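Student: below: sequence and its predicted model.
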Amino acid sequence: MLTAYRWLRFSLVPIAGIILIATGLPAVGSTIAFLPHSVATRAHVIDNQSFTDAKGNVSYCPVLAYTTTVSHGMRGVGDQDCQSSPFGVGQIMMIRYRPDQPTTLRIDDFFGIWGSIIWSIGVGLLLEVLALGVLFWRFNAQIGAFVDKARQRRAQRFEER
């Protein structure tokens, strides 16, 4: 029973890896589709929006004010670039937005655009490599024991002759 429980518990590692990779891949497509049609502009932090997770940790995301290419004043939350301390009101950040959907914005830095994707796919791949490594190690241990028994039987038969 203990072995079955270990295998069940171990099987959660590759499943979690597959889920993380599966959620990261569509994000790659949407980011690649977003970038060529987006416009870069400057935005001012006007407020912070706080989020509290289940453990009570608080993250702050900047509420940004920016002007579109057709001179419309817009506001949006840069939810890809949250941090543990509040952003400074008046701070200037570069953002990218889509002219056809001006409320869809991303902070124009490497982490703001690619960070969540790299985290999701990277951790997913790490879990898959870990699971394959453990599986390979366990398989080699079982095959090694089987080969040793076969060698012992062959040696006994050779001695009997």
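Tutor: Nice, I can see it.
Student: all the helices of this protein, in order from the start?
Tutor: 2-34, 110, 116-160 (DSSP state H).
Student: list the buried residues of stretch 19-31.
Tutor: 20, 21, 24 (16 or more other CB atoms under 10 Å). Every residue, glycine included, has its C-beta placed from N, CA and C.
Student: correction: stretch 89-99
Tutor: So stretch 89-99, judged by 16+ other CB under 10 Å, has buried residues 93, 95, 96, 97, 98.
Student: do stretch 118-136 as well
Tutor: 120, 121, 124, 127, 128, 131.
Student: pipe those residues into a markdown table and attach distance to residue 42 per row.
Tutor: Formatted as a markdown table, the buried residues of stretch 118-136 follow (distance: CB to CB, whole Å):
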| residue | distance to residue 42 |
| --- | --- |
| 120 | 29 |
| 121 | 30 |
| 124 | 35 |
| 127 | 39 |
| 128 | 40 |
| 131 | 45 |
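Student: could you dump these into a markdown table and include pLDDT?
Tutor: A markdown table is the format used below for the buried residues of stretch 118-136 (pLDDT from 0 to 100):
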| residue | pLDDT |
| --- | --- |
| 120 | 90 |
| 121 | 92 |
| 124 | 92 |
| 127 | 89 |
| 128 | 90 |
| 131 | 86 |
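Student: residue 54: which of those residues is nearest?
Tutor: Closest approach to residue 54 among the buried residues of stretch 118-136 (CB to CB): residue 120, at 19.2 Å.
Student: please verify my assumption that residue 128 contacts residue 16.
Tutor: No - using CB atoms under 8 Å as the test, residue 128 is too far from residue 16 to be in contact (9.4 Å).
Student: if I look at the residue nearest the centre of the chain, how far off is residue 19?
Tutor: The centroid of the chain falls nearest to residue 120 when counting by CA atoms, centre = their mean (1.3 Å). From residue 120 across to residue 19, the span is 9 Å (CB to CB, to the nearest Å).
Student: ok, now which ones touch the residue nearest to the residue nearest to the centre of the chain when sequence neighbours are not counted?
Tutor: Excluding the flanking residues, the one nearest residue 120 by CB to CB, 6 or more residues apart in numbering is residue 24, at 3.4 Å. The contact partners of residue 24, taken as CB atoms under 8 Å, 6 or more residues apart in numbering, are 116, 117, 120, 121, 124.
Student: if we can go back for a sec, any chance of the buried residues of stretch 19-31 in CSV, plus distance to residue 135 and pLDDT?
Tutor: Listed next are these as CSV, based on distance: CB to CB, whole Å; pLDDT from 0 to 100:
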residue, distance to residue 135, pLDDT
20, 18, 90
21, 17, 91
24, 22, 90
